[in-house]
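Visitor: Provide a 3D model corresponding to the input given below.
(one chain, ligands or ions: 1)
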Amino acid sequence: MPIVILHKDGEILRDEVPAKSNLVVRAGVRKFPYPDFKYRCGMGKCATCASRIISGGEHLPAPNWKEKKMLGEWLDRGYRLACQLWIEHDIELVQDVNLADGRALALLAEDKAS
Ligand code: FES
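Guide: Sure thing, here's the model as predicted:
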């Protein structure tokens, strides 16, 4: 079974999940990573679940059209929409940017300016 490591507020949360688990679906039924995982729509429309993949990203499928649309350049920075991912291998991730609000775009602009 895949091991999921979630970094949150300086803590490292870790648990095994069944193969082909979706972390947003799991959180929705109050299983790990609930209550420590941010999500809202579960359908790739809000970006609340955006997560930076620290390790294990090489095992994930290529981003789908919803991820491309919602994440744009954040994909290049290692972010994925957790609600669009079914975990089959160990993965380590963090939700360190709120891409569901306008500040994410401002961060990107600041980075480009510096
Ligand atoms: S929960 Fe809304 S995009 Fe993933």
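Visitor: and residue 92, which helix or strand is it part of?
Guide: Residue 92 belongs to strand 91-94 when elements are defined using DSSP states H and E.
Visitor: show me the contact partners of that strand.
Guide: With contact meaning CB atoms under 8 Å, 6 or more residues apart in numbering, strand 91-94 is reached by 2-8, 51-57, 59-60, 82. Where you see a C-beta, it was placed from the backbone N, CA and C, and this is true even at glycine.
Visitor: how about the residues of the protein by the ligand?
Guide: With CB under 6 Å from any ligand atom as the criterion, the chain comes near the ligand at residues 24, 39-42, 44-49, 81, 83.
Visitor: among these, which are in strands?
Guide: Counted as lying in strands by DSSP state E, out of the residues of the chain next to the ligand, are residue 81.
Visitor: which of the residues of the chain next to the ligand sits closest to residue 73?
Guide: Residue 73 has its nearest neighbour among the residues of the chain next to the ligand in residue 47, at 12.7 Å by CB to CB.
Visitor: let me know how buried the closest one is, in neighbour terms.
Guide: 24 (other CB atoms under 10 Å).
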